[in-house]
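A.B. asks: could you work out the structure for the sequence below:
(chains A and B)
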Amino acid sequence: MTIKLYDIAHSRAGDKGNTLTLSLIPYKTEDYPLLRDQVTSEAVKQHLANIVAGDITRYELPNLPALQFVCQQALTGGVTTSLTMDTHGKSLSYALLEMSIESETD
Amino acid sequence: MKTSVRIGCGAGFSGDRLEPALVLTQQGALDYLVLECLAERTIALAQKRKRQDATLGYDPLLERRIESLLPHLLEKKVRLITNMGAANPLAAAQKIIAIAQRLSLSVTVAAVTGDDVFSLLSGSETALETGKPLTDSGLLVSANAYMGVDAILPALATDANIIITGRVADPSLFVSPLVHEFGWSLDDPDLLGQGTVIGHLLECAGQLTGGYFADPGMDVPGRKDVPDMAHLGHPFADVSADGTAVFGKVSGTGGMLTLATAKEQLLYEVMDPSCYITPDVVADFTQVRLIQTGLDQVRASGGRGQTRPNTLKVSVGYEAGFTGEGEISYAGSNALGRAKLAGAILQERLQDRFADLRVDYIGSTSVHRTNFGQYPDPYEIRLRVAGRATTAQQAALVGEEVEALYTNGPAGGGGARKYVHELVGIVSTLIDRNQLTPQLTLFQS
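C.D. replies: Numbers count the residues shown, from 1 in each chain, chains lettered A, B, ... in the order given. This next block holds a predicted model:
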């Protein structure tokens, strides 16, 4: 069954210059392996192809559990000079949550 | 020595709400109140205000905040630590003294300075973001180093009721009273790392207690609903001498404090979670344990760290020209089609005059730059065009052309608005921390 990340996880976006950070936190701890296995940095890079120009690094935090994505060149120059509406990229947490994955349960 | 210290955070950015800090002060049984009001760009804008008027350059809301808080801070014996000094902590301190005198209150204010390193830079230093000299970005207007706990401790050793700083690292505002009260060693990176976790969780105030979290009416009822958001309370932490912290909020206030809200805030703006660099420590968040210990109560432990860096980050402001913006709405049948026609017309009319021009469709793709191809066309749409220019006059052309769509564009455009903003850009560089001399100045009413 195809589900959206929105169905099983929440996220908050942050900014540092032109770098975007995105957390991905499962509502239920048992869904963490699903996220860890499918929401790889490559998959996120593909999903956010129109948004993130640079590399994406993923950090695993199994004790929370959560994943953290650090996206380079993601804010069209950064908060202070970007011409975009959302210069901080604060709304982009919900762009990540649009991503689809395959759930094992049907 | 106290066995436990309670620190509240009543503001997480310069425009934050005033009431939660008042509630914390009156009802929170706090030892310390921290107001974190200084974003990267805020201080550059403040430097520009100071240049125009030497008595300004501090937080624009300082007067309102202090007027409402000061009597309660003194009555409840709560010490205030804040970076509302922005570009001018000395003028801010004098302003607080003037307010205290007007209210017939006796107060001691400690101003912490030394973060302004503009005169120490030549401009040839490398910008971390571009790899090029700072001056390549534009005319430099400000340079402020992120100071740490060591800059604030001398102020805490006085009997000052209020400690007002310029640029210090946000977590250091919270770590410094812990070091002061518990006598933590500045050479103990694990304690400073745990203190930094506490500061990081608190520094955005309401973002720990359900602010910026709510998403109502989801399929699973109540999953991301937050109660009584209109009266959102800001958080405090009860910290023990070993660094263990229990976070809470004043009972009766709105919002909520759960593992989910705490996790979102723990990772907020964090790059490498094992390597969170502040002037005090290189903190490691990867072993942090969060436990829900009661209603709206979460315990955090396990922050660690490694020895502080020898350099300090410097936030450098530069003049980046002007942005011109214009907006106009279309609604009803083929709204997106007419908006896109308007966008194409403006593109053609403006592209020769603007190297950097952006056309967005609000209601469709303006904030994510895509809708992932999954959503139907909306009933109404707002066209927004933005361009960068070197002068305000040139920037204004964008809005003028948008407005002119009334009689020179597609059918049914309405509600045109135009704006011009001055831009201050920010880049960073590093400075040897020994070049800095933190200073303390006391004022009394």
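A.B. asks: the residue in the stretch 151-300 of chain B that chain A sits nearest to in helix, strand or coil?
C.D. replies: Of all residues in the stretch 151-300 of chain B, B:Glu269 sits closest to chain A, at 3.3 Å by CB to the nearest CB. (Each C-beta comes from the backbone N, C-alpha and C, glycine too.) Judged by DSSP: H, G, I helix; E, B strand; the rest coil, the three-state class of B:Glu269 is coil.
A.B. asks: my read is that it contacts A:Gly17, right?
C.D. replies: No. Counting by CB atoms under 8 Å, A:Gly17 is not a contact partner of B:Glu269; they are 10.8 Å apart.
A.B. asks: so the nearest residue to A:Glu98 once chain neighbours are set aside: helix, strand or coil?
C.D. replies: Excluding the flanking residues, the one nearest A:Glu98 by CB to CB, 6 or more residues apart in numbering or on different chains is B:Phe372, at 5.3 Å. At B:Phe372 the chain is in coil, as set by three-state DSSP.
A.B. asks: show the subsequent helix or strand relative to the longest strand along chain A.
C.D. replies: Longest strand in chain A, counting residues (DSSP state E): strand A:19-26. Beyond strand A:19-26 on the C-terminal side, the first helix or strand identified by DSSP states H and E is helix A:32-38.
A.B. asks: buried residues in the helix or strand that that next one is followed by?
C.D. replies: Sequence order places helix A:41-47 as the next helix or strand after helix A:32-38, per DSSP H and E. Using 16 or more other CB atoms under 10 Å in any protein chain shown as the test for burial, helix A:41-47 gives A:Ser41, A:Val44, A:Lys45, A:His47.
A.B. asks: what about the strand ranked longest in chain B and chain A, any contact?
C.D. replies: If you go by DSSP E, chain B has its longest strand at strand B:311-331. Yes. Using CB under 8 Å from any CB of the partner chain, strand B:311-331 reaches chain A at B:Ala320, B:Thr323.
A.B. asks: what about that strand, distance to the chain center?
C.D. replies: 16 Å (CA atoms, centre = their mean, to the nearest Å).
A.B. asks: and the angle from the very next helix or strand once past it to strand B:311-331?
C.D. replies: The C-terminal neighbour of strand B:311-331 among helices and strands, as given by DSSP H and E, is helix B:335-350. Per axes from the mean of the first three to the mean of the last three CA atoms, to 10 degrees, the angle that helix B:335-350 makes with strand B:311-331 is 120 degrees.
A.B. asks: hmm, who's touching the following helix or strand past helix B:335-350?
C.D. replies: Using DSSP H and E, the helix or strand that follows helix B:335-350 in sequence is strand B:357-362. Contact with strand B:357-362 is made by A:83-85, B:327, B:336, B:339-340, B:343, B:346-347, B:350-351, B:366, B:381-387, B:398, as judged by CB atoms under 8 Å, 6 or more residues apart in numbering or on different chains.
A.B. asks: give me the nearest residue to whichever residue of chain A sits closest to chain B, chain neighbours excluded.
C.D. replies: Chain A approaches chain B most closely through A:Gly14 (3.3 Å), counting by CB to the nearest CB. Leaving out its chain neighbours, the residue that sits closest to A:Gly14 by CB to CB, 6+ apart is B:Glu269, at 3.3 Å.
A.B. asks: quick one: neighbours of the one you found, just the number.
C.D. replies: Using other CB atoms under 10 Å in any protein chain shown, B:Glu269 has 20 neighbouring residues.
A.B. asks: now do the contacts for it.
C.D. replies: Here B:Glu269 is in contact with A:Gly14, A:Asp15, A:Lys16, A:Thr21 (criterion: CB under 8 Å, 6+ apart).
A.B. asks: separation between the third one and B:Ala160?
C.D. replies: Remark: distance between A:Lys16 and B:Ala160 (CB to CB, to the nearest Å) = 32 Å.
A.B. asks: low-confidence regions, the stretch 151-300 of chain B specifically.
C.D. replies: Applying pLDDT under 70 to the stretch 151-300 of chain B flags residues B:218-219, B:221-222.
A.B. asks: what sits up against stretch B:217-236?
C.D. replies: Stretch B:217-236 is touched from outside by A:7, A:10, A:27, B:6-12, B:17, B:20-21, B:23-24, B:28, B:30, B:201-202, B:205-206, B:208-211, B:213-216, B:247-250, B:252-257, B:260, with contacts defined as CB under 8 Å, 6+ apart.
A.B. asks: actually stretch B:270-286, not the one I typed
C.D. replies: Outside stretch B:270-286, the residues that touch it by CB under 8 Å, 6+ apart are A:14, A:16, A:19, A:21, A:57, A:59, A:61, A:63, A:68, A:70, B:146-150, B:168-169, B:171-172, B:175, B:186, B:189, B:192-193, B:195-197, B:200, B:266-267, B:303-309, B:312-313, B:433.
A.B. asks: ends of it, what's the gap?
C.D. replies: This stretch, stretch B:270-286, spans 11 Å end to end (CA to CA, to the nearest Å).
A.B. asks: quick check: buried residues in it?
C.D. replies: Quick answer for stretch B:270-286 (16+ other CB under 10 Å): B:270, B:273, B:276-286.
A.B. asks: would you write a PyMOL line that selects the buried entries of the contacts of strand B:357-362?
C.D. replies: The following PyMOL line selects those of these that are buried, judged by 16+ other CB under 10 Å:
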select buried, (chain A and resi 83+84+85) or (chain B and resi 327+336+339+340+343+346+350+366+381+382+383+384+385+386+387+398)
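A.B. asks: which residues of the stretch 51-200 of chain B fall in helices?
C.D. replies: For the stretch 51-200 of chain B, applying DSSP state H, counting those that start in this stretch gives helices covering B:62-75, B:89-102, B:149-156, B:170-182, B:189-202.
A.B. asks: how far does the last one sit from its chain's centre?
C.D. replies: Average the C-alpha atoms of helix B:189-202, do the same for its chain, and the two points are 18 Å apart (CA atoms, centre = their mean).
A.B. asks: the first one now?
C.D. replies: If you compare the mean C-alpha spot of helix B:62-75 with that of the full chain, they lie 21 Å apart, counting by CA atoms, centre = their mean.
A.B. asks: let's see it as PDB, backbone CA atoms only.
C.D. replies: C-alpha atoms of helix B:62-75 as PDB (Å, rounded to 0.1, in the frame of the first residue of the first chain):
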ATOM      1  CA  LEU B  62      12.400  46.600  24.500                       C
ATOM      2  CA  GLU B  63      10.400  49.400  26.000                       C
ATOM      3  CA  ARG B  64       7.100  47.600  25.800                       C
ATOM      4  CA  ARG B  65       8.500  44.400  27.200                       C
ATOM      5  CA  ILE B  66      10.400  46.000  30.100                       C
ATOM      6  CA  GLU B  67       7.500  48.300  31.100                       C
ATOM      7  CA  SER B  68       5.200  45.400  31.500                       C
ATOM      8  CA  LEU B  69       7.700  43.000  33.100                       C
ATOM      9  CA  LEU B  70       9.900  45.100  35.300                       C
ATOM     10  CA  PRO B  71       7.600  45.500  38.400                       C
ATOM     11  CA  HIS B  72       6.900  41.700  38.300                       C
ATOM     12  CA  LEU B  73      10.600  40.800  37.800                       C
ATOM     13  CA  LEU B  74      11.500  42.800  40.900                       C
ATOM     14  CA  GLU B  75       8.600  41.600  43.000                       C
END
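A.B. asks: which residues does that helix contact?
C.D. replies: Residues outside helix B:62-75 that contact it (CB under 8 Å, 6+ apart): B:10-11, B:18, B:21-22, B:25-26, B:33, B:35, B:59, B:78-80, B:84, B:92, B:95-96, B:99-100, B:103, B:105-107, B:161-162.
A.B. asks: got the buried residues for stretch B:116-127?
C.D. replies: Applying 16+ other CB under 10 Å to stretch B:116-127 flags B:Asp116, B:Val117, B:Leu121, B:Gly123, B:Glu125, B:Ala127 as buried.
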